[in-house]
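Asker: I would like to see how this sequence folds:
(chains A and B)
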Amino acid sequence: MKTGWRFSFMSLSRYLALVILVAVASLMAPGFLSLQNVLNLLRSFSFLGFISIGMTFVILSAGIDLSVASILAFSGVVLGLFQHWGIYLGHVDQLSLIYPTPFIFLSVLAIGALLGLVNGLVITKLKIVDFAATLGMMVFARGLAFAISGGRTIFNLDPMALFMGRGMVGNIPFVAILWVAAIVICSVLLRYTVFGKNLYACGENPEAARLSGIDPVFYKIAVYSISGFFAALAGICMAGRLNLGEPRVAQGWELDAIAAVVIGGTSFAGGRGGVVQTILGVVIIGLIRNILSLLGIQPDPQEMIMGGVLLLAVILGSLGTRKGSLAHA
Amino acid sequence: MNAVGAALLEARGISKVYPGVVALDGVDFEVNAGEVHCLAGENGAGKSTLIEILGGSYAKDAGTIRLAGREVEFASPRHAQEQGIAVLHQELPILPHLSVAENIFLGRQPRGGARVISYGEMNRQARRWLEMIQADVEPRALLGDLPISRQQLVSIAKALSLEARVIIFDEPSAVLTSSELKRLFQIIASLKSEGRGIVYISHRLEEIFEIGDRVTVLRNGKLVGTEPTAKIDRATLIKMLVGREIDESEAATAVAAVPAEGLAPVLEVRGLSRRGVLADVNLTLHKGEILGVYGLVGAGRTELARALIGADRVDTGEIRLEGRRLSISSPREAIRNGLCLAPEDRKTQGVFLEKSVQDNISLPSLKSLRAGPFLSYGKIARYAADFVSKLRIATPHLQQHVKYLSGGNQQKVVLAKWLGMKLKVFIFDEPTRGIDVGAKEEIRGLIKTLAREGKSIIMISSEIPEILGISDRVAVMHEGRIEAVLPRREATRERLMAYSMGAKSE
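Answerer: Below is the predicted model of the structure:
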């Protein structure tokens, strides 16, 4: 069967790409494969990893979320402000928690999920296409991050926030453990719950799902809320890693996340793929970035190459399916 | 009137074969200048195929077409258009965001200096053509903003601007109100008096007699006959449409039906209406009964089915299940109340083609297939395997994607999906369409078994023998209305056909 052949070619080409990237990196940087470096890489991949988990849910539902990087930045800023409540009173560098840090984390996660919920509501209730609705949120959330921080960077977070981004459990970065845990939970959610099964059904064919008694509107709203939640989680960890709340972080990361999900093998057409596959996509994107940096290419020109990678991934991804183009996303 | 009676378009021995189906079998058809020639026949008789061939959309497999005496071969619709044949389809191919004039002159816009489109000239010319048919339409209006009747007038103006000598109307009455139709008839009369040839497709008897000079009847791809409308009456036309000899063999195989009246009503529908789609539909469905619903394409059968399970909203009406009034606003609620639908468009609405047999069958029942909060794949596989063997679904294994299954087996998957859910009312919309004969019989058998187990069935079909073979009672729909409900013993092919065409009495 033709599609079967293509499918195996696609999965094979992913692993081939991974092997080549690892080989190139090892040649360029001796010690690349040392345990310490691998763990460091794992940490650096985790931030993109979180938003890619959320993006996987969205793309499974045949949607697309352009607002994740902005929600990430906004969440970091909110975290910073909630820990520097006094900033509004003029005490700039002094910690002044609005309430205990765990509750601040929960608030930030809730705000992220809420922004995602707004995405979902705009798409389903106002019938705005996913692309346009989340593009609006992308600009809005980034603007909001600048507005509430007055464009300033908020320095110095408390130790618990730092632990989210920098903490180590033995030899292993805490954020990497958190990422792997999130993947395990989400893959169980997708594979072993009614919610997951219904989500796949809505992604493949919303009308057939509706006639089978599933409400596609609920699932659309749910996936965007989940995506917002993970963007906020990434925002907290990123702020902890950098020790600051900064409205300018993660510019353009939404495209890296989309590329990671598609390279992993989740189809733009919806209903096919999963979060475990996304790990591979995140690692490939991370390695490409890593190698480009090793080559001394600055972050901004890197975008040129990443654009090409994204396009290639989409083209390869649509070979297996007739519907697999952005036009149907 | 010029050259009345001369054959303008003459088709001889037209045949078209699809894999497994002879759509047209040596059909002769002609249109004279200054004539309205009606084309009639039930669903699948070959009307559409014939006009697609005359309009250049399909290639014929055999036969000749002569236009004003000269033999022609149409390579494309555009080619046929250039030769003077215009087909006005029911679904008008329009570009809604362009203006009326731009639609009329698409691809041949009048040019001014420097080969730039002259909008002034285009609008002027468009206005002239529109005025010829007294259409009150502004050339600069966006076509998408106009009601469908006006869009049709624009299409006619376009046909005139192409200097069409033969204009083919494909069931225009299906989308027009009666006053709009009256206007259309006036326009057709004036086109006729200019010496153009008109082909008018309809299955409504009154229209055929009102506007037609002659009528040609097709049945099962064969020519039944061509008669001047002045020389025949309704009964004769119905006989031509239905074919008497089939009717009698049908009646002979009829089995005495269970009298439904004595049984408890399960589903009661009162005054169900939706503007332009359903008009005051009343139905009663009893326990263990199969109610056949017959009607021509566009009669509102699928719309009724979708309204009953809450897939489409309705304007007014009441649905009662076992005496309890339901307010169903989504299929989800319908299923919760015990109603389900096997939709007409099986591949895009009934099954998930890219998912496995197991996933398809278990989807609505997943809640009951858990161990604690998590799905048990062991339970799911046993559940699906049970139905695969019960319904004898031919699949190599449970993980096979449904797209690789035959149509009949796909339909069984749809049925299996609902069987484990303790539902009361099953609605089947064309359950045997597009599947092979053996599988059709099997599906009908399964439906009968369901009814015997006390489920209530609504079965929509375009095939009269199927309806007559399976139903306890038959409802006939016409223009969104239930025209008649006949007990099994009173339902004959002739009566179903007559009611479906809007003939209140024979």
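Asker: name the residues of the helix or strand harbouring residue B:192 that are buried.
Answerer: Taking DSSP states H and E as the criterion, the element that holds residue B:192 is helix B:178-193. Neighbour counts over helix B:178-193 (16 or more other Cβ atoms under 10 Å in any protein chain shown) mark B:180, B:181, B:183, B:184, B:185, B:187, B:188, B:191, B:192 as buried. (C-beta placed from N, C-alpha, C; glycine too.)
Asker: measure the third one to residue B:189 for me?
Answerer: Plainly put, residue B:183 is 11 Å away from residue B:189 if you go by Cβ to Cβ, to the nearest Å.
Asker: how about the secondary structure of the closest residue to residue A:239 other than its chain neighbours?
Answerer: Nearest residue to residue A:239, sequence neighbours excluded (Cβ to Cβ, 6 or more residues apart in numbering or on different chains): residue A:76, at 3.7 Å. Assigned with DSSP: H, G, I helix; E, B strand; the rest coil, residue A:76 falls in the helix class.
Asker: show me where the stretch 351-500 of chain B has its strands.
Answerer: B:370-371, B:374-375, B:425-429, B:456-460, B:473-478, B:481-487 (DSSP state E, counting those that start in this stretch).
Asker: and these as TSV, adding mean neighbour count?
Answerer: Listed next are the strands of the stretch 351-500 of chain B as TSV, based on neighbours: other Cβ atoms under 10 Å in any protein chain shown:
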stretch	mean neighbour count
strand B:370-371	13
strand B:374-375	18
strand B:425-429	24
strand B:456-460	25
strand B:473-478	26
strand B:481-487	19
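Asker: is it true that residue A:83 touches residue A:94?
Answerer: No - when contacts are counted by Cβ atoms under 8 Å, residue A:83 is not listed as touching residue A:94 (10.1 Å).
Asker: out of these two, which sits in the busier spot?
Answerer: residue A:83 (23 against 12; other Cβ atoms under 10 Å in any protein chain shown).
Asker: who's in contact with that one?
Answerer: By Cβ atoms under 8 Å, 6 or more residues apart in numbering or on different chains, the residues touching residue A:83 are A:95, A:96, A:97, A:98, A:101, A:104, A:154, A:157, A:158, A:161.
Asker: and what of residue A:32?
Answerer: A:22, A:25, A:26.
Asker: of those residues, closest to residue B:404?
Answerer: residue A:22 (37.4 Å; Cβ to Cβ).
Asker: and the helix or strand where residue A:315 lies, what does it pack against?
Answerer: Under the criterion of DSSP H and E, residue A:315 resides in helix A:299-319. Helix A:299-319 sits against helix A:2-28, helix A:253-264, helix A:275-294, with contacts defined as 3 or more Cβ pairs under 8 Å, 6 or more residues apart in numbering or on different chains; DSSP states H and E.
Asker: now stretch B:450-457: buried residues?
Answerer: Neighbour-count burial for stretch B:450-457, counted by 16+ other Cβ under 10 Å, picks out B:450, B:451, B:455, B:456, B:457.
Asker: any idea how far the last one lies from residue B:447?
Answerer: Read that as residue B:457. For residue B:457, the distance to residue B:447 - Cβ to Cβ - is 6 Å.
Asker: helices of the stretch 351-500 of chain B, residue ranges please.
Answerer: For the stretch 351-500 of chain B, the helices defined by DSSP state H, counting those that start in this stretch cover B:357-362, B:377-390, B:407-419, B:437-452, B:464-470, B:493-500.
Asker: who touches the next helix or strand after the helix holding residue B:192?
Answerer: With elements assigned by DSSP H and E, the helix or strand that comes after helix B:178-193 is strand B:197-201. Residues from elsewhere that reach strand B:197-201 (Cβ under 8 Å, 6+ apart): B:8-9, B:31-40, B:47, B:51, B:54, B:165-172, B:188, B:191-192, B:207-208, B:211-212.
Asker: now do strand B:197-201 against helix B:178-193, angle only.
Answerer: Going by axes from the mean of the first three to the mean of the last three Cα atoms, to 10 degrees, strand B:197-201 is angled at 150 degrees with respect to helix B:178-193.
Asker: could I have the CA atoms of strand B:197-201 written out in PDB?
Answerer: The C-alpha trace of strand B:197-201 is given here as PDB (Å, rounded to 0.1, in the frame of the first residue of the first chain):
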ATOM      1  CA  GLY B 197     -34.700  25.700 -27.600                       C
ATOM      2  CA  ILE B 198     -35.400  25.100 -24.000                       C
ATOM      3  CA  VAL B 199     -34.800  21.900 -22.000                       C
ATOM      4  CA  TYR B 200     -36.600  21.900 -18.700                       C
ATOM      5  CA  ILE B 201     -35.900  19.200 -16.200                       C
END
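Asker: note down every partner strand of that strand and its orientation.
Answerer: Counting by DSSP bridges, the strands paired with strand B:197-201 are strand B:35-40 (parallel), strand B:166-170 (parallel).
Asker: can you give the distance of the last one from its chain's centre?
Answerer: Taking Cα atoms, centre = their mean, to the nearest Å, one finds the center of strand B:166-170 at 19 Å from the center of the full chain.
Asker: which helix or which strand is home to the closest residue to chain A within the stretch 201-350 of chain B?
Answerer: Per Cβ to the nearest Cβ, residue B:335 is where the stretch 201-350 of chain B lies closest to chain A, at 4.0 Å. According to DSSP H and E, residue B:335 maps onto helix B:331-337.
Asker: quick one: contacts of the helix or strand following that helix?
Answerer: Counting by DSSP H and E, the next helix or strand C-terminal to helix B:331-337 is strand B:339-342. Strand B:339-342 has contacts (Cβ under 8 Å, 6+ apart) with A:211, B:267, B:305-306, B:308-309, B:311, B:321, B:328, B:331, B:334, B:350, B:411, B:414-415, B:418, B:421, B:423-429, B:431.
Asker: mind checking how far the one residue sitting closest to the centre of chain B is from residue B:311?
Answerer: Note on chain B: the residue nearest the mean C-alpha position is residue B:297, at 2.5 Å, using Cα atoms, centre = their mean. To residue B:311, residue B:297 is 19 Å away according to Cβ to Cβ.
Asker: try residue A:251
Answerer: 44 Å.
Asker: one more: residue A:121?
Answerer: Between residue A:121 and residue B:311 the distance is 23 Å, computed by Cβ to Cβ.
Asker: comparing these two, which residue is more hemmed in?
Answerer: Just comparing residue A:121 and residue B:311: by other Cβ under 10 Å the higher neighbour count belongs to residue B:311, 20 against 17.
Asker: so that one sits against residue A:212, correct?
Answerer: No - at 11.1 Å, residue B:311 does not count as touching residue A:212 under the criterion of Cβ under 8 Å.
Asker: shared neighbours, these two?
Answerer: Common neighbours of residue B:311 and residue A:212 (criterion: Cβ under 8 Å, 6+ apart): residue B:331.
Asker: which bits of the stretch 151-300 of chain A sit near chain B?
Answerer: Within reach of chain B by Cβ under 8 Å from any Cβ of the partner chain, the stretch 151-300 of chain A has these residues: A:188, A:191-194, A:197-198, A:200-201, A:204-205, A:207-208, A:210-215, A:271-272.
Asker: got a pLDDT number for the closest residue in space to residue A:142 that isn't next to it in sequence?
Answerer: The shortest distance from residue A:142 to any non-neighbouring residue, by Cβ to Cβ, 6+ apart, is to residue A:70 (4.1 Å). Note on residue A:70: pLDDT of 98.
Asker: next one: residue B:93
Answerer: 71.
Asker: where in the chain is pLDDT low?
Answerer: No chain was given, so I picked chain A. Counting by pLDDT under 70, chain A contains low-confidence residues at A:1-11, A:89, A:91-93, A:317-329.
Asker: chain B was what I was after
Answerer: B:1-5, B:20, B:43, B:91-92, B:175, B:244-263, B:504-506.
Asker: can you list the residues of it near chain A?
Answerer: B:309, B:311, B:330-332, B:334-336, B:341, B:343, B:348-355, B:359, B:363-364, B:366-367, B:370, B:373-375, B:417.
Asker: drop anything exposed from these.
Answerer: Judged by 16+ other Cβ under 10 Å, buried ones among those: B:309, B:311, B:330-332, B:334-335, B:341, B:343, B:349-355, B:359, B:363-364, B:366, B:375, B:417.
Asker: my read: the residue nearest to residue A:239 touches residue A:249, true?
Answerer: Yes - under the criterion of Cβ under 8 Å, residue A:76 makes contact with residue A:249 at 6.2 Å.
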